[in-house]
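**Q** Predicted model and sequence follow; I will ask about them next.
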Amino acid sequence: MKTKHKLLSIILLHFSTISYAELTVDFSLIIQPVFNDYKDEANFGVPENIIPKPYKKSSQVLEISSKFKGLSFLGNIKHDYAEDQDSETDENINEIYYDFNLAGLEWSLGKKIISYGVGYGSRPLDIFATKSQQSTDQTSPYGIKQIGIDYFKDLSNISLVVANPHQEKTDRGEDLQSTALRYFNSFESFDMQALIAYNDENKTQAGAGLVYILTDAMSVHSSFLHRKNIYKQIHNGLILNTEYPYQNKLYEDSTKWLAGGNWMMADKHNLIFEYWFDDLALSTDQWSDLFNNVTQQQALLMSPVPAEVVYNNLAWSAKALDTEHLMQKNLYLRYEYSPLDIKIQNALLYAPDDAGFIWTTSFEKDLQSFKIYGGVRHFGGDEKSVYYKLPIKNQLFMTATINF
Amino acid sequence: MKKLLFLPLLLGLSINLSQAQTTPQQMLETADKYRLSSDNMQVSTTIKLYKNDKKMNQKEYMVFIKPERKSLVLFLNPTEKGQKVLMLQNKFWMLMPKSRRPIRITPLQKLLGEASTGDIATMQYADDYNAKLEKTDDKNHILWLEAKDGVEGLTYKNIRLFLSIDKFAPTQAEFYVSSGKLAKTAEFITGKLDGTESESVVKMTLKDKINKNRYTEVIYNSRKDFVLSNKFYNPAYLVKNPQINY
């Protein structure tokens, strides 16, 4: 058995990095099983034949990354399994771009992951991010199609990005054509960045971010983003609808801001604390309206109205919970202990407006070519809170990553 | 005959006199040359973590060093590939391959990991510390190093460094954090790396004062002169995940 393991290690080491002069190709196999324990009243009581509640889910992802001179590629083959549902397999390109230097500037053409801003639980300046900060998914995020021009001097950087330049200006969502100009600089005790962006949906967006090193052990960070326009999906308020009840409602002069810090205590104990506000998430009144609507819809189950009609409307109401940051005001605490070769984390996301929370306890262990990350997550708090109303009560998750 | 009898005594006296003329700071500068033989270097390093004398983990790093306390640490293990730590005097950034943004970290955050990146990337002490000779015994000169005024962001505030009597080669060290607490001890082994004529530190064994059944070996596989372009010392440039050919 030991010889077998040794042989496998030797084979894995041989294929760990194929280097032909400047070509590098790396593979990662990421296996992510998830076990969900649902609440009795999950999805506002909508039966499983309308909104499935898979107990077991798993995604198997083979990520392939390659670099050759200025050309970079990151893609995956992904297989998704969910109990009592059809499995799906698809191929995706996370990134494919070409970097080159011209006229003293660094150019970048193609699909590329672009991340701005500071923060751990949320990053207000991350206008091109495609992945939730709260996700337990350990696969790589997806890039945006862009033309990028960078100018670097000493510790500073000016970056111009035109995202989705091929799209019509009226396209929405991820395909939105957008132009962003960002300035980054680093000083003795702090890093700062400023961002200004424009697209037809949000119009002007402007913000800034800062990380300040207070002491050898403590840093504080903050960022702010102002958007001229945002659109929220708001329920029309009718108890029974015959068609999709949400409509995009325009809100002007919205803000998203975050303030927090990082305290590295002695002996490898680390605490991250953050508070953020996001106009795009549900306000207390909006959640209250939705909750009252759901209560009235549920009451109709005792009436002569056909149950199917009521359940379809409840399912539409449940869609409001299917988004990233649910509440506008959030407090985030993450305690991390890293004794040598293992990392243990406890994270709390708490919504002070309705006393709902998400608690996550996780660990990460790194072994040469193999990394394991896993943990448990609990959605709780006040019974009327948004986080309590999420369909899952407890979740057991794991990610095994094998690099070769 | 009498003169011959006095010769060893005179020889011993002359050695002692030459050593007496060497200041503690000069001793420290000589000791530094056992780890950093040139201003611009590329050092290949292996970290081996042991628990109860059994090897638990092994990690590979490539460290690029420039004058004025500038260094870039590349993490080479498959699970950490693409991860980097940039250190420019008292400024530090962590770059994670999936986050694509520089994360400014505090000096204490460098202490995370099997061996802190500060331990791996710090190759000389003379620029950052003032040395005082504590004592000299049969085997060692013992120096007490104190962080120089105005030098910030050091991993350790004080170091007790043991140097060999004859060559001022580092043999042992005790590392103290700013609270005055002893954080780690180190033992140095000197030898000749492949392709080099001069002696240098080939292995440093770090012992944690908290987890006493564990220790970490820092093995220096190779050291060579290498000048890494200045653009790699900009945290925003490193986000582009550029290929570094060495």
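**A** Received it, and whenever you're ready, just let me know what you need. Worth saying up front: this structure is predicted, and the values here are computed from it rather than measured.
**Q** Please tell me the pLDDT value assigned to the residue in the stretch 51-200 of chain A that chain B sits nearest to.
**A** Residue nearest to chain B within the stretch 51-200 of chain A: A:N157 (3.5 Å; C-beta to the nearest C-beta). From N, CA and C alone the C-beta is placed, and that goes for glycine too. Per-residue pLDDT puts A:N157 at 97.
**Q** Check which helix or strand it maps to.
**A** strand A:156-163 (DSSP states H and E).
**Q** Which SSE is immediately downstream of that strand?
**A** By DSSP H and E, the next helix or strand past strand A:156-163 is strand A:178-186.
**Q** how many degrees apart are that next one and strand A:156-163 in direction?
**A** On the basis of axes from the mean of the first three to the mean of the last three C-alpha atoms, to 10 degrees, strand A:178-186 is oriented at 170 degrees to strand A:156-163.
**Q** touching chain B at all, strand A:178-186?
**A** Yes - using C-beta under 8 Å from any C-beta of the partner chain, strand A:178-186 comes into contact with chain B via A:184, A:186.
**Q** how far out from the middle of the chain is that strand?
**A** On the basis of C-alpha atoms, centre = their mean, to the nearest Å, strand A:178-186 sits 21 Å off its chain's mean C-alpha point.
**Q** who does the residue of the stretch 51-200 of chain A closest to chain B bridge with?
**A** A:F152, A:F184 (DSSP bridges).
**Q** coming back round to it: buried residues of the strand holding A:N157, list them for me.
**A** Buried residues in strand A:156-163, counting neighbours by 16 or more other C-beta atoms under 10 Å in any protein chain shown, are found at A:157-159, A:161, A:163.
**Q** for stretch B:149-162, same thing?
**A** Neighbour count says stretch B:149-162 has B:152-162 buried, by 16+ other C-beta under 10 Å.
**Q** Repeat that for stretch A:281-295.
**A** A:281-282, A:286-287, A:290-291, A:293-294.
**Q** what about it, average pLDDT?
**A** Here the average pLDDT along stretch A:281-295 is 90.
**Q** isn't the residue of the stretch 51-200 of chain A closest to chain B right next to B:L238, touching?
**A** No - the criterion here is C-beta atoms under 8 Å, and A:N157 misses it with B:L238 at 10.5 Å.
**Q** For burial, what's the neighbour tally of A:T360?
**A** A:T360 has 19 neighbouring residues, counting by other C-beta atoms under 10 Å in any protein chain shown.
**Q** can you check A:D37 too?
**A** By the criterion of other C-beta under 10 Å, A:D37 has 15 neighbours.
**Q** where does it fall, phi/psi-wise?
**A** Torsion angles at A:D37 (phi, psi; degrees, to the nearest 10) stand at phi -110, psi 110.
**Q** and what of A:T242?
**A** Dihedral angles (degrees, to the nearest 10) for A:T242: phi -100, psi -10.
**Q** Also the one 3 residues further on?
**A** With angles defined as degrees, to the nearest 10, A:P245 shows backbone torsions of phi -90, psi 0.
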